[in-house]
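**Student:** what's the 3D shape of this:
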Amino acid sequence: MGVPRWGAVVGLAVERRLEAERDQLVLWLPVMLGGGIALWFALPDPAAWCVTILLLVASGLACLALGRGGRAARALAVGLLTSALGLGLVWARSEVVARPVLAGPTIASFSAKVEGIEPLVARKLVRLTVLPIGKGVETDGQPVALPYRVRVNLAEADAPHLLGIGAVVHLRARLMPPPLPAVPGAYDFARVAWFGGIGATGRGFAPVIVTTPSDSGAGVRVALSHHIVSRLDGSAGGIAAALATGDVGAISEEDSEAMRRAGLAHLLSVSGLHITAAVAATMVIVLRLLALSPWLGLHARLPLIAALAGAAAAIGYTLLTRAL
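**Tutor:** Next up, the predicted model:
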C-alpha cells in the first residue's frame, strides 16, 4: 500500500506543478523540437531515424492512452510527438537539399554559370560557386558527370576582368568531394557543403574564359571592394570592404581569428544592424540637407522624404551586400 500511495502523492505534486506552470509549458516546444533535430545528427543512418520516429510516436500515443487525462501525460505526449516532428523535419530538409556528390578526385574541363564570387584578397584568391552546364571532360577525353553545385578557388591573377555573378565561364579544375573532418568533432565542411548543395570543391587553372559576362550588380560590388582595399592598407581596408560590400575575403586570417576570439565576428557580416545604421544615417543626412531650404521646411513633409530616402538606401545596401 505504501508504494501506490507515494506514487499518487508524487503524481498529484507533479500535476499541481504543471498546473501552476501551464502558461509556460509551451516554451518547451522549441526545446523538444531541437531535441529531435539533435537526434538526427546523433543517429547514424535512415534506419535509426525511422525506428526513433516510430518509438517517439508510439510512446507519445501510449502516454495519451494511459495517462487518464492528466496534464503530465499530455505534456509528455506532446513533447515526444514534437521531438518526432523535429527529427522528421530535419530528415525531410536533408532530402530536399540533397545533391549528387562527386565520387572521387578528377581533373576536368567544363562550362558553368557563376552563382557566387568571393574575393579572398588576403590570400590572393577568388572563390567561385558555380553551377556546371552539362558534363565535364576529363584530361583523357572521357565525359564525367559533375555535381549540381561546385566551389572552386582561382588565383587572383587568373580571374578574368568580366568575372562575376551571372557570368558563364569555361575552365579546367582539379575537383574532389568535400573533405570530411580532420579529427572527430572538428569542423565538418562535408556536412555544411551537403546542406549548401555543394558536391565538389577544388582549384581552377588558367585560362578561365568568360563566354557570357556577368551582371552589372556583381561588377559594381567587386569593383567597390577592390577600390576600398586599394585605398586603405592593412586591416582597415579589409574591414571597410566587409562593411561596405559584404566581402569578408579581404580580411586577413589573423584579423578574423582576433575578431572571433573577441566575440565580434558577427559585426563583419552585414545584417539588420548594419542596414538599420545605414537607413538612420541616410535619413538624418537627407533631413538635415533638406532643412537648409526654408521653403522646403515650410511646404514639404521632410520626415516623409527622408524616410523614402532611407528605404531606398536600405534596398540598395541590401542588394549591394547580398544581405538577403
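
**Student:** Need phi/psi at residue 172.
**Tutor:** When quoted as degrees, to the nearest 10, the phi and psi of residue 172 stand at phi -120, psi 140.

**Student:** Neighbours of the closest residue to it other than its chain neighbours, how many?
**Tutor:** Using Cβ to Cβ, 6 or more residues apart in numbering and skipping the chain neighbours, the partner closest in space to residue 172 is residue 109 (4.4 Å). In short, each C-beta sits where N, CA and C put it, glycine included. By the other Cβ atoms under 10 Å criterion, the neighbourhood of residue 109 contains 14 residues.

**Student:** Same check on the one 4 residues further on?
**Tutor:** The criterion is other Cβ under 10 Å. On that basis, residue 113 has 16 neighbouring residues.

**Student:** Can you mark which positions in the host helix or strand of it are buried?
**Tutor:** Element membership for residue 113, per DSSP states H and E: strand 106-120. By neighbour count, with 16 or more other Cβ atoms under 10 Å as the criterion, the buried positions of strand 106-120 are 106, 107, 108, 110, 111, 112, 113, 114, 117, 118, 119, 120.

**Student:** And the helices in the stretch 101-250 of the chain, which stretches?
**Tutor:** Listed in chain order, the helices found in the stretch 101-250 of the chain under DSSP state H, counting those that start in this stretch are 189-195, 216-231, 234-245.

**Student:** and those helices, which one is worst for confidence?
**Tutor:** With a mean of 72, helix 216-231 has the lowest mean pLDDT of the helices of the stretch 101-250 of the chain.

**Student:** Tell me the spacing between residue 214 and residue 220.
**Tutor:** Separation of residue 214 from residue 220 (Cβ to Cβ, to the nearest Å) stands at 10 Å.

**Student:** Of these two, give the one with the bigger neighbour count.
**Tutor:** When residue 214 and residue 220 are compared for neighbours, residue 214 comes out ahead with 21 against 14, by other Cβ under 10 Å.

**Student:** wait, isn't that one in contact with residue 161?
**Tutor:** No - here residue 214 does not reach residue 161: they are 10.1 Å apart, not a contact under Cβ atoms under 8 Å.

**Student:** And the closest residue in space to residue 206 that isn't next to it in sequence, how far from residue 288?
**Tutor:** Once its chain neighbours are removed from consideration, residue 206 has its nearest residue in residue 158; the separation is 4.1 Å (Cβ to Cβ, 6+ apart). Shown here: residue 158 relative to residue 288, a distance of 47 Å by Cβ to Cβ.

**Student:** the more surrounded of the two?
**Tutor:** Neighbours of residue 158 and residue 288, each counted by other Cβ under 10 Å, are more numerous for residue 158; the result is 15 against 11.

**Student:** Show the pLDDT at that one.
**Tutor:** Reading off the per-residue confidence, residue 158 sits at a pLDDT of 84.

**Student:** before we move on, what about residue 105?
**Tutor:** Predicted confidence (pLDDT) at residue 105: the value is 90.

**Student:** residues touching it, list them.
**Tutor:** Contacts for residue 105 were tallied using Cβ atoms under 8 Å, 6 or more residues apart in numbering; they are 174, 175, 176, 177.

**Student:** Among those, which one has the most neighbours?
**Tutor:** Neighbour counts for the contacts of residue 105 were taken using other Cβ under 10 Å; the highest belongs to residue 175, which has 25 neighbours.

**Student:** May I have the residues that are in contact with that one?
**Tutor:** When the contact criterion is Cβ under 8 Å, 6+ apart, the partners of residue 175 are 102, 105, 106, 107, 108, 146, 150, 152, 200, 201, 202.

**Student:** How many residues are close by residue 30?
**Tutor:** By the measure other Cβ under 10 Å, the count of residues near residue 30 is 11.

**Student:** How much space separates the closest residue to residue 113 other than its chain neighbours from residue 221?
**Tutor:** Spatially, and ignoring its direct neighbours in sequence, residue 113 is nearest to residue 131 (4.8 Å; Cβ to Cβ, 6+ apart). Here the distance between residue 131 and residue 221 works out to 19 Å (Cβ to Cβ).

**Student:** Looking at the two, which has the bigger crowd around it?
**Tutor:** Just comparing residue 131 and residue 221: by other Cβ under 10 Å the higher neighbour count belongs to residue 221, 23 against 16.
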